[in-house]
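show me how the following folds:
(2 chains)
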Amino acid sequence: AQKITQTQPGMFVQEKEAVTLDCTYDTSDQSYGLFWYKQPSSGEMIFLIYQGSYDEQNATEGRYSLNFQKARKSANLVISASQLGDSAMYFCAMRESYGGATNKLIFGTGTLLAVQP
Amino acid sequence: NAGVTQTPKFQVLKTGQSMTLQCAQDMNHNSMYWYRQDPGMGLRLIYYSASEGTTDKGEVPNGYNVSRLNKREFSLRLESAAPSQTSVYFCASASGGSGKNIQYFGAGTRLSVL
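Model prediction:
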């Protein structure tokens, strides 16, 4: 069965430092997509970054990058130069089949990040 | 800038009452989804609609029904609410087909069943 594992329930990081949030996944599909979402205390789910299983380069979006290690089945989120506004819950998610009509997402349990001044 | 709009934002029900959560998207997306979020469990898929006119069960469909009213709207109905359905409910939409298919979420509905 497909599964997403986030082993860090909570993390602290100092403002302006980089932080890595871990995500491992389990799938037998060759084609899949990996996503990270941010959920601030206000509750909305905000899309951050996407990595396709066939993408050769690691995805980057501004201060966010995805450290994709296919053989290890890991898709860690790296946030550079942390800001106070980065304090939030972060969810890793996997799409079951690439480009499939269902496009269903499986979510991890999340990591709560606290950025300290 | 509306994106995905959910109503209501908050709701309190008594056990056995019914209600419908509304969701509408203005991005011309084909696919729509309903998730619930419980503490420590991430988001779990309740029902989804891959395209207008179709609906399918997700991981936790029991106690819920859905209607894909048209391409824009996808509603979730609780026929007889139970305390176990106390949760935060999110609606999402995606373009469907091949490609990234990023799901965009509404702001959520916080439901308490007493």
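
tell me where the chain is predicted with low confidence.
Going with chain A. Along chain A, segments meeting pLDDT under 70 span A:97-102.

my bad, the chain I had in mind was chain B
Residues of chain B that meet the cut-off, pLDDT under 70, sit at B:1, B:98.

which residue ranges form the helices in it?
Here chain B has no helices by DSSP state H.

ok, residue B:77 - how many residues close by?
13 (other C-beta atoms under 10 Å in any protein chain shown). In short, each C-beta sits where N, CA and C put it, glycine included.

roughly how far does the nearest residue to residue B:53 once chain neighbours are set aside sit from residue A:37?
The shortest distance from residue B:53 to any non-neighbouring residue, by C-beta to C-beta, 6 or more residues apart in numbering or on different chains, is to residue B:68 (6.6 Å). Distance, residue B:68 to residue A:37, by C-beta to C-beta, to the nearest Å: 24 Å.

more crowded one of these two?
Higher neighbour count among residue B:68 and residue A:37: residue A:37, with 24 against 20, using other C-beta under 10 Å.

beta partners for the more buried one?
Listed by DSSP bridges, the beta-bridge partners for residue A:37 are residue A:47, residue A:91.

do the same with residue B:73
With DSSP bridges as the criterion, residue B:73 is bridged to residue B:24.

against residue A:43, how distant is residue B:21?
Remark: distance between residue B:21 and residue A:43 (C-beta to C-beta) = 15 Å.

same thing with residue B:89?
Taken as C-beta to C-beta, the span from residue B:89 to residue A:43 is 11 Å.

which of those two has more neighbours?
Between residue B:89 and residue A:43, residue B:89 has the larger neighbour count (other C-beta under 10 Å), namely 23 against 15.

without its sequence neighbours, what residue ends up closest to that one?
Excluding the flanking residues, the one nearest residue B:89 by C-beta to C-beta, 6+ apart is residue B:109, at 4.6 Å.

the one you found - how many residues pack around it?
Number of residues near residue B:109 (other C-beta under 10 Å) recorded here: 22.
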